[in-house]
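1. Sequence first, then the predicted structure:
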Amino acid sequence: MEDRVFQPRLVLVFSGKRKSGKDYVTDWILESLGPQVCCVLRLSGPLKQQYAQEHDLDLTQLLGPGPYKEKYRADMILWGETQRRQDPGYFCRLATRGVRQPVWVVSDARRRTDLEWFKSEFPRQTQSVRVQCSEETRKQRGWSYTAGVDDAESECGLDSGVHFDWIITNEANAPSLEEQLQSILKLAEEAADL
Ligand SMILES: Nc1ncnc2c1ncn2[C@@H]1O[C@H](COP(=O)(O)OP(=O)(O)OP(=O)(O)O)[C@@H](O)[C@H]1O
Ligand SMILES: C[C@@](O)(CCOP(=O)(O)O)CC(=O)O
């Protein structure tokens, strides 16, 4: 009950392909704004927590950037989709429960329903951000094409027909993150009355 009453001032909903740097960019924003103002919310957090428990896996490694989680990704996607079919907002609600910072940074929207949930709960506050980079850069960061993952909704659900308010290019030959994120940080600082 109490959770529905709290209204964040700004909700930045990030999406992007595997190894585009969603976690890296959202962690960068958290460092810039600080934990009093900003909270990074991972929709995959509660999913991985429940999946790890059911399958007796190492949650810390599932949450990290290394290769461990990739062994389980295809099965985790299917497992999560069973929950989402019954209730598309299930992981969004869990990830936002009890969060009290004024600026929410959602690091991993993957499906239309993820973005739609935030837009319908927080229509005035929600802004969408796409993180992109070349396949070459993703490969250098450890990505390789995996059928059943890279051709599934989890990776392709927001590929087309979606308007993004902001697009960040996260690779070496692009303008610095500092430069590209300047306007978003300003918006967040204004929203948080800093
Ligand atoms: N701008 C950058 N400079 C240096 N390293 C980066 C940069 N962006 C991403 N990386 C590194 O690339 C790897 C993948 O990045 P990250 O985990 O943020 O991607 P992701 O989009 O969250 O991937 P996944 O969907 O697999 O979780 C990480 O090891 C991260 O530290
Ligand atoms: C299972 C899944 O949540 C894994 C996400 O892992 P990560 O955000 O790439 O670390 C992807 C999905 O929900 O489709």
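-> Cool, the structure landed. Ligands and ions are numbered 1, 2, ... in the order given.

2. pLDDT score for Glu2?
-> Looking at Glu2, its pLDDT reads 53.

3. quick one: the strands in this structure?
-> Remark: strands assigned in the chain by DSSP state E are 10-16, 38-41, 103-106, 126-132, 166-169.

4. Partner strands of the second one, with direction?
-> Partner strands for strand 38-41, per DSSP bridges, with pairing direction: strand 103-106 (parallel).

5. Kindly report the same for the last one.
-> With DSSP bridges as the criterion, the sheet partners recorded for strand 166-169 are strand 126-132 (parallel).

6. what's in contact with the strand it pairs with?
-> Where contact means CB atoms under 8 Å, 6 or more residues apart in numbering, the residues beyond strand 126-132 that reach it are 10-17, 20-22, 25, 109, 115, 118-119, 158, 162-170, 184, 187. Where C-beta positions appear, they are placed from N, C-alpha and C, glycine not excepted.

7. With ligand 1 in mind, check whether that strand reaches it.
-> No: figure legend: strand 126-132 not in contact with ligand 1 (CB under 6 Å from any ligand atom); closest approach 6.6 Å.

8. and what of stretch 156-167?
-> No: with CB under 6 Å from any ligand atom as the criterion, ligand 1 is not reached by stretch 156-167; the gap is at least 12.7 Å.

9. Going forward, count from 306.
-> Understood, numbering begins at 306; the last thing we discussed is stretch 461-472.

10. Now do the buried residues in that stretch.
-> Buried positions in stretch 461-472, judged by neighbour count with 16 or more other CB atoms under 10 Å: Gly462, Leu463, Phe469, Trp471.
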